[in-house]
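Colleague: Using only what follows, build the 3D model:
(one chain, ligands or ions: 1)
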Amino acid sequence: MARSTTKKAPAKSAGKKKKVVKPPTPSPPASSDEEQEESENEVDDNSEGEEFTDGKTFTDDNQKWLKMKGDDSASEDDEADSDSEASISQIERDAMALDAEKEEEVKEFEEDLQRQRQEMTKVFHLPTAEELEEDEDRVVPPSEIRERVEEIIEVMQDFKRRREPSRSRTEYMDQLESDLSEYFGYLPELISLFLKMFSPSEALEFLDASDKPRPLVIRTNTLKARRKDLAQALIKRGVNLDPLAPWSKVGLKIYESTVPIGATPEYLSGHYMLQSAASMCPVMALEPQPGEKVLDMSSAPGGKTSYVSQLMKNEGIVVANDLKVERQKATVGNLHRLGVKNVITCCNDGKNFPKVMGNFDRVLLDAPCSGLGVISRDQSIKVQRTVKDIERTAHLQKELLLSGIDSLNAKSKTGGIMVYSTCSVSVQENEQVVQYILNKRDVKLVDTGLKHGKPGFQRYQERRFHPSMQLTRRFYPHTHNMDGFFVAKFRKLSNKERIPPPEEVEDEEVSGEEEEDVEMDVEEDEEEVSEEKKALRAKFMSGIVKPEDDEEIDSEEETKKSENKPKKERWEKIKKGKKKKGEKVVKEQKSKQVAGKKKSGGGGGPEKKKAKK
Ligand SMILES: C[S@@+](CC[C@H](N)C(=O)[O-])C[C@H]1O[C@@H](n2cnc3c(N)ncnc32)[C@H](O)[C@@H]1O
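Modeller: Model (predicted):
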């Protein structure tokens, strides 16, 4: 530390340094190391360049120097006495001042604590219907809504003490639901679903995390490159990256890049695939082995298929199926780029699959889903997805999963394994689907081998699931900084159908109305497929479609985005075509949502969206 060489007035220095100047006794008073150090520094600062030996508080020189602060005209002895007396009374005064200071601090601290306690225990006033009506005439700032959300969450955590006696838990929850819906810009029914799955505070964390982007991740294609070499090559191009996580040997997390990650020479040469961290998990759980026969039931645009081939070292056979021809073009492009050679692509409705081909060692169903785990990538899900949509999707998932199990060879020497995954967090699309299959087929759940992730739910509202459901894995944006994802791994025990006791299945059976909805959905898809098939065949015949055409769409994410528009239009068409009771409610909710946002001058959600843009 640089020492001051400026001589300071003794009075001033005595005043300033009163805390640390100790009486000049031959043996320094016992003090902590810290105090001693402080003391040294203080003296040091006031010295005129005197040198102090380490560890000694006062040398003989110091004593002289300290004495000089007293009366210069007195004799040395008198000087020492009076100086010592003066110092002692000064020390007493200082000590008293210190005590007073300390007391003041304690008082302030206690007052603070008291204030906090009052804050924590004060009854929170829930706005009345009249107050809420008044609110409709003004623009409620998002910060105000957020504050109320946080307050209600605190009240819910200490409900007995902080509630208003006249208000019920339901009223608080209703207000919370309405505020969250307004603040984050979701359909209220979706918020209600999250509040059934998560505690109020976890729901808030989930919603916050779903508004933030996940890190960009790439998967090294070990058929063509080693992760270390790839990382070095990208770093040279100005990419700032790190290994993804201890659980992945192939993932790289990209922090920033001066070049577009989807267009580097390494990308174009197929050294990597853009793939989210979560979407690597189902393939890791599948553990495909070289030489096996594997089915990927819904494969487009090939992110997981290519990882399956990579783990199989390009040996054996992978059948990559997807209902949609358009999307399969991207799969073909990606497989070419990545140098995958053991894949056969096809376009079938997965529900018919065992009739097309069976006896697989392993089957992966990365099912079509509501996307409630990937809202950060597609904010339109907030207002596009309804609970009805989720039920419809769950129905399709059950059918596809049954078909996947039936396509498996239970006697496979190496496998007999089925992995089911979705990028949704809803219980309807995950645990409920899995439970349905456990009831229907002779299968059991096995460990996914994924060390991270949270166990699947064993109960949800009034439903109870099989205890083995804890072997399934859930991934969340707010806990794992990954897309919301679900992974379940089954082992097929026999090719027999399981006949469950009636109480197991009752409410899991799919109702006729849902059946009809799904059929309509598929019929439309089939129309699309046949039209597209014709067009594609014509293009193939005329040589228009080449692998390069597919390289335009290079990632699961990009393909999803490009696919969103027609998908939404299709949903709209279906909804328009079917004048159902439930639809009216959905429409009302949507228009209420829009009106609500207009009223509050854009509200928290839209305002935030604008800011993001
Ligand atoms: C989540 S995406 C699959 C992503 C893909 N596994 C990947 O990792 O790149 C779901 C896919 O299911 C397909 N799909 C929808 N209905 C289907 C059906 N009935 N049979 C087969 N595939 C279907 C969709 O076309 C979509 O490509």
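
Colleague: ok, Trp247 - contacts?
Modeller: Listed by C-beta atoms under 8 Å, 6 or more residues apart in numbering, the contact partners of Trp247 are 284, 450-452. C-beta coordinates here come from the backbone N, C-alpha and C atoms, glycine included.

Colleague: Could you list the residues of this protein in contact with the ligand?
Modeller: 279, 297-304, 322-324, 327, 349-351, 366, 368, 556 (C-beta under 6 Å from any ligand atom).

Colleague: Filter the contacts of Trp247 down to just the buried residues.
Modeller: Applying a neighbour-count criterion of 16 or more other C-beta atoms under 10 Å, the buried members of those are 284, 450.

Colleague: Which of the contacts of Trp247 sits closest to Ile191?
Modeller: For the contacts of Trp247, the closest approach to Ile191 (C-beta to C-beta) belongs to His452, at 27.2 Å.

Colleague: is it true that that closest one touches His480?
Modeller: Yes. With contact defined as C-beta atoms under 8 Å, His452 counts as touching His480 (6.4 Å).

Colleague: For the two, list the residues in contact with both.
Modeller: Both His452 and His480 lack any common contact, where contact means C-beta under 8 Å, 6+ apart.

Colleague: Buried residues, the longest strand along the chain. List them.
Modeller: Secondary structure of the chain per DSSP state E: the longest strand is strand 485-497. Applying a neighbour-count criterion of 16+ other C-beta under 10 Å, the buried positions in strand 485-497 are 485-490, 492.

Colleague: can I get the residues you listed in TSV with pLDDT?
Modeller: Compiled in TSV, the buried residues of strand 485-497 are given as follows (pLDDT from 0 to 100):
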residue	pLDDT
Phe485	97
Phe486	98
Val487	98
Ala488	98
Lys489	98
Phe490	98
Lys492	97
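
Colleague: buried sites along stretch 217-235?
Modeller: By neighbour count with 16+ other C-beta under 10 Å, stretch 217-235 contains the buried residues 217-225, 227, 230-231, 233-234.

Colleague: nearest to the ligand, of those?
Modeller: Ranked by distance to the ligand (C-beta to the nearest ligand atom), the buried residues of stretch 217-235 are led by Arg219 at 10.8 Å.

Colleague: Check what pLDDT the nearest residue to that closest one once chain neighbours are set aside gets.
Modeller: When the adjacent residues along the chain are set aside, Arg219 lies closest to Gln275, with 4.4 Å between them (C-beta to C-beta, 6 or more residues apart in numbering). Model confidence at Gln275, expressed as pLDDT, equals 97.

Colleague: is it true that Gln275 touches Ile218?
Modeller: Yes. Here Gln275 reaches Ile218: they are 6.8 Å apart, a contact under C-beta under 8 Å.

Colleague: shared neighbours of the two, anything?
Modeller: Taking C-beta under 8 Å, 6+ apart as the contact definition, Gln275 and Ile218 share the neighbouring residues Gly251.

Colleague: so which residue of the stretch 151-300 of the chain comes closest to the ligand?
Modeller: Residue of the stretch 151-300 of the chain nearest the ligand, by C-beta to the nearest ligand atom: Ser298 (3.0 Å).

Colleague: avg pLDDT for stretch 414-434?
Modeller: Per-residue pLDDT values across stretch 414-434 average out to 97.

Colleague: If we go by neighbour counts, what in that stretch is buried?
Modeller: 415-434.

Colleague: Next: stretch 151-165.
Modeller: The neighbour-count criterion (16+ other C-beta under 10 Å) identifies 151-153, 155-156, 162-163 as the buried residues of stretch 151-165.

Colleague: Would you mind pulling the contact partners of that stretch?
Modeller: Stretch 151-165 is contacted from outside by 120-126, 169, 172-173, 175-176, 179, 200-201, 204, using C-beta under 8 Å, 6+ apart.

Colleague: again, only this time at 7 Å
Modeller: Contacts of stretch 151-165 from elsewhere in the structure, counted by C-beta atoms under 7 Å, 6 or more residues apart in numbering, are 121, 123-126, 169, 172, 175-176, 200-201, 204.

Colleague: Show me which residues of stretch 375-395 are buried.
Modeller: 375-377, 379, 381-395.

Colleague: Could you pull out the strands in the stretch 351-500 of the chain for me?
Modeller: With DSSP state E, counting those that start in this stretch as the definition, the stretch 351-500 of the chain shows strands at residue ranges 362-366, 417-422, 441-446, 454-455, 459-460, 463-464, 473-475, 485-497.

Colleague: List the neighbouring strands of the third one plus their orientation.
Modeller: Meaning strand 441-446. Strand 441-446 has the following sheet partners, assigned by DSSP bridges: strand 485-497 (antiparallel).

Colleague: what do you get for the first one?
Modeller: With DSSP bridges as the test, strand 362-366 is paired with strand 293-296 (parallel), strand 417-422 (parallel).

Colleague: To Leu241, which of these lies closest?
Modeller: That would be strand 417-422 among those, by C-beta to C-beta, at 25.8 Å.

Colleague: CA atoms of that closest one as PDB?
Modeller: In PDB, the C-alpha atoms belonging to strand 417-422 read as follows (Å, rounded to 0.1, in the frame of the first residue of the first chain):
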ATOM      1  CA  ILE A 417     -36.900 -50.100 -25.700                       C
ATOM      2  CA  MET A 418     -39.300 -47.200 -26.500                       C
ATOM      3  CA  VAL A 419     -38.600 -43.600 -25.600                       C
ATOM      4  CA  TYR A 420     -41.400 -41.000 -25.600                       C
ATOM      5  CA  SER A 421     -40.700 -37.300 -25.500                       C
ATOM      6  CA  THR A 422     -42.500 -34.000 -25.800                       C
END
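
Colleague: would you list the contacts of stretch 151-165 in CSV and tack on distance to Lys341?
Modeller: Formatted as CSV, the entries for these read as follows, by distance: C-beta to C-beta, whole Å:
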residue, distance to Lys341
Thr121, 68
Val123, 69
Phe124, 64
His125, 68
Leu126, 64
Arg169, 60
Tyr172, 59
Gln175, 59
Leu176, 54
Pro200, 51
Ser201, 50
Leu204, 48
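
Colleague: Among those residues, filter down to the buried ones and hand me the ChimeraX syntax, if you would.
Modeller: Selection of the buried residues among these in ChimeraX, burial being defined by 16+ other C-beta under 10 Å:
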select :124,126,172,175,176,200,204
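
Colleague: What residue spans form the domains of this protein?
Modeller: 2-121, 129-211, 216-274, 277-498, 510-612 (automatic domain parsing).

Colleague: need the strands of the stretch 351-500 of the chain in CSV with distance to Gly316, can you?
Modeller: Rendered in CSV, the data for the strands of the stretch 351-500 of the chain read as follows (distance: least, C-beta to C-beta, whole Å):
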stretch, distance to Gly316
strand 362-366, 10
strand 417-422, 14
strand 441-446, 21
strand 454-455, 32
strand 459-460, 38
strand 463-464, 39
strand 473-475, 26
strand 485-497, 19
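
Colleague: now the end-to-end length of stretch 341-351.
Modeller: Distance between the two ends of stretch 341-351: 26 Å, counting by C-alpha to C-alpha, to the nearest Å.

Colleague: Can you give me the buried ones in that stretch?
Modeller: With burial defined by 16+ other C-beta under 10 Å, the residues of stretch 341-351 counted as buried are 342-343, 345, 347-351.

Colleague: what does stretch 269-282 give?
Modeller: Under the neighbour-count criterion of 16+ other C-beta under 10 Å, stretch 269-282 has 270-282 buried.

Colleague: Now for Lys413, how many residues are close by?
Modeller: Using other C-beta atoms under 10 Å, Lys413 is surrounded by 8 other residues.

Colleague: From Tyr172, how far out is the closest residue to Met482 other than its chain neighbours?
Modeller: Spatially, and ignoring its direct neighbours in sequence, Met482 is nearest to Ala278 (4.3 Å; C-beta to C-beta, 6+ apart). According to C-beta to C-beta, to the nearest Å, Ala278 stands 33 Å off from Tyr172.
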